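# Fold the stuff below for me.
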Amino acid sequence: MRGAVIHAPGDVRFETVADAKILKPTDAVIRTAVTCVCGSDLWPYRGAEPTDEAHPMGHEYVGFVEEVGSEVTNVEPGQFVVGSFATSDNACANCRNGFQSNCLNVEFMSTCQAEYVRIPHAQGTLVATDGVPGEELWPGLLAVSDVLGTGWWAAEAAQVAPGSTAVIVGDGAVGLCGVIAAKEFGAERIIAMSRHESRQQLALEFGATDIVTERGEDGAERIKEMTGGVGADSVLECVGTAQAMRQALRSTRPGGSVGFVGVPHEVAVDGQELFFSHVGLRG
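Here you go, the predicted structure:
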């Protein structure tokens, strides 16, 4: 089959790779309908993350079930399914506690920009839709495979509550999904930190009430000004840089929470600052 393989920064090739096959009775194989490039794929593409050897790419996918292992009973060949970037058996203690991305048997998907994909732990990972959706819906369902769940978790980790003030650091796909999640969680004020006009418009459409263009210390000070000098109840960090983390922590009120879902790159948290801030931090 054909699949995308990264060889070096800026060097991604669509080439022949090993066919996806059932290896365990808990596996399934799907034929991809659509797959896409994630922001985290751009780290190695830009050279910010090392590529020591050529390897397949991709962890966002929806498609059609081709084959299932003997222990998979919740999906069957022909069904249209949405999967997750982190597989889970949905049966272990961590899964039962609601932390499926920390399943005791978790495997992270990394071969999905291909014609076919082997899905480990298919029973807990794949969700079938009611019938085959129209192709115009596939991109939206593809977002459910990663960015929507990630933005949703950022809101949950930051403990967004009805009537609260939530700040979203980052205006990419995950940050915009964080805006959607904050609205669904009932936040009264949703402040999106963005410098891109097109993304600002999307954020406002999705439920943001305010836009802040400042970054870093200036951004944190602006949030303090907008919240009577106190800070936001909940901050969603959806970037993964040191600056974004500092901005998030310093924009949060004492007793508030930060949910960080940007994959950290050179992020270090000052223990004393966190200690005295009374800010909760969950990744």
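# Distance of the closest residue to residue 17 other than its chain neighbours relative to residue 187?
Nearest residue to residue 17 in three dimensions, chain neighbours excluded: residue 3, at 4.2 Å (C-beta to C-beta, 6 or more residues apart in numbering). Glycine gets a C-beta too; all of them are placed from N, C-alpha and C. Residue 3 sits 40 Å away from residue 187, taking C-beta to C-beta, to the nearest Å as the criterion.
# ok, these two, which is more surrounded?
residue 187 (28 against 24; other C-beta atoms under 10 Å).
# so the residue nearest to residue 265 when sequence neighbours are not counted is in which element?
Distances taken as C-beta to C-beta, 6+ apart place residue 240 nearest to residue 265, at 5.5 Å, with adjacent residues excluded. In the assignment (DSSP states H and E), residue 240 maps to no helix and no strand.
# Would you confirm that residue 240 contacts residue 266?
No - with contact defined as C-beta atoms under 8 Å, residue 240 does not count as touching residue 266 (9.4 Å).
# ok, the two, which is more surrounded?
Taking neighbours as other C-beta under 10 Å, residue 240 and residue 266 compare with residue 240 leading, 20 against 9.
# Could I get the contacting residues of the more buried one?
Applying C-beta atoms under 8 Å, 6 or more residues apart in numbering, we find residue 240 in contact with 260, 262, 263, 264, 265, 267.
# biggest separation within these, which pair?
The largest separation in those, counting by C-beta to C-beta, is between 260 and 265 at 12.0 Å.
# Name the residue in the two with the higher neighbour count.
Neighbour tally, residue 260 and residue 265, criterion other C-beta under 10 Å: the higher count belongs to residue 260, 26 against 14.
# Report how many residues lie close to the closest residue to the more buried one other than its chain neighbours.
Of all residues not flanking residue 260 in the chain, residue 237 sits nearest, at 3.9 Å (C-beta to C-beta, 6+ apart). The local packing of residue 237 (other C-beta under 10 Å) involves 33 other residues.
# same deal with residue 133?
15.
# The one 3 residues further on too?
Neighbour count of residue 136, defined by other C-beta under 10 Å: 7.
# In contact with the residue positioned nearest the centre of the chain: list those residues for me.
In the chain, the centroid-proximal residue (C-alpha atoms, centre = their mean) is residue 150; its distance is 3.1 Å. By C-beta under 8 Å, 6+ apart, the residues touching residue 150 are 174, 177, 238, 261.
# my guess is the last one contacts residue 152, does it?
Right, the one you point to is residue 261. No - using C-beta under 8 Å, residue 261 makes no contact with residue 152, being 9.4 Å away.
# Between the two, which is the more surrounded one?
Shown here are residue 261 and residue 152; by other C-beta under 10 Å, residue 261 has more neighbours (27 against 23).
# To which secondary structure element is the nearest residue to that one once chain neighbours are set aside assigned?
Setting aside the residues directly before and after it, residue 261 is nearest to residue 154 in space (C-beta to C-beta, 6+ apart), at 4.4 Å. Residue 154 is located in helix 147-157, with elements delineated by DSSP H and E.
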